[in-house]
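A.B. asks: Based on what follows, work out the 3D shape:
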Amino acid sequence: AMEENNLLNYARAKELDLNVKKSKQMRFCLNRRPFCQCNHPNQNFETIQNAKILGIIFQADCSFRKHCRQLLAKLRRQMYIFKDLKLNNVGLNDIHSIFQALVISRIRYGLSVYGSDLHSLKKIDIFLEKCFQKKLCSSKISVFELRKEEDHRHMMEILRNPTHPLYQYLTSFRKGRTTRHEFSNVRPYVRTSAFHQSFCNRVLSS
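C.D. replies: Numbering: from 1, shown residues only. Predicted coordinates:
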């Protein structure tokens, strides 16, 4: 594969030793069809279906269902804390503050990344709805509103930093164009809903 050759050539050019046994590859495909392992004539790279990077589980089928399942499992295991707080007659405002610190902060982490998986987000939203019904938070919280807040925060951070890898991409597409009828933003062509829900396309379409 071209990517493998580029990696090997880069290692040779920099006089680096490439440890093939620790090198892995993951090929992304929206069609979710399995990929065969790609072999280099002299090197073998193990093909993996998912990888955990900075706490986010990436899958070869471009979904984040495994990450969201693990996230929900961790959140549900924390529910005993709130049960104990209620038994000790802790006020709702205090419970809400603890809920924000233990639950919402965990959901916010990486939300702009795994937020492209609508199926999983709906399950998280149902979980938050149940938490509100159990009076674990003083106001109803929507994961989609949290995603919008996180998207806006990340977008502003990117636009303030010209050295950010996404800066040129966002600023080039955010330039407007004037038509006969109205002023509109230039947006990239998006073929599937999966691409439409990715971070950059969400920001550009908002």
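
A.B. asks: low pLDDT regions in the chain?
C.D. replies: Flagging of the chain using pLDDT under 70 yields the residue ranges 1, 30-44, 172-194, 206.

A.B. asks: again, only using 80
C.D. replies: Along the chain, the parts satisfying pLDDT under 80 run over 1-8, 18-23, 27-46, 169-196, 200-201, 204-206.

A.B. asks: hey, where'd the strands end up in it?
C.D. replies: For the chain, applying DSSP state E gives strands covering 24-25, 46-47, 50-53, 56-59, 176-178, 183-185.

A.B. asks: For the nearest residue to K135 once chain neighbours are set aside, the count of nearby residues, please.
C.D. replies: Spatial nearest neighbour of K135, excluding adjacent residues (Cβ to Cβ, 6 or more residues apart in numbering): L92 at 6.2 Å. (Each C-beta comes from the backbone N, C-alpha and C, glycine too.) When neighbours are counted by other Cβ atoms under 10 Å, L92 registers 14.

A.B. asks: Find the nearest non-adjacent residue to F127, please.
C.D. replies: Closest to F127 by Cβ to Cβ, 6+ apart is L72, at 6.1 Å.

A.B. asks: A11 and D17 touch, don't they?
C.D. replies: Yes - applying Cβ atoms under 8 Å, one finds A11 in contact with D17, separated by 7.4 Å.

A.B. asks: Looking at the two, which is more packed in?
C.D. replies: Remark: of A11 and D17, A11 carries more neighbours, 14 against 6, as counted by other Cβ under 10 Å.

A.B. asks: before we move on, back to that, L146 versus the residue nearest to K135, what's the distance?
C.D. replies: Per Cβ to Cβ, to the nearest Å, L92 is found 20 Å from L146.

A.B. asks: can you check E129 too?
C.D. replies: 13 Å.

A.B. asks: before we move on, what about K134?
C.D. replies: 19 Å.

A.B. asks: So the two - more neighbours on which side?
C.D. replies: Legend: neighbour count by other Cβ under 10 Å for K134 and L146, higher for L146 (19 against 13).

A.B. asks: Quick one: the helices in this structure, in order.
C.D. replies: Here the chain has its helices, by DSSP state H, at 2-13, 65-77, 79-87, 92-99, 105-108, 111-114, 118-133, 143-159, 167-174, 193-196, 199-205.

A.B. asks: residue closest to the middle of the protein?
C.D. replies: Relative to the mean C-alpha position of the chain, the nearest C-alpha, by Cα atoms, centre = their mean, is the one of V113, at 1.6 Å.
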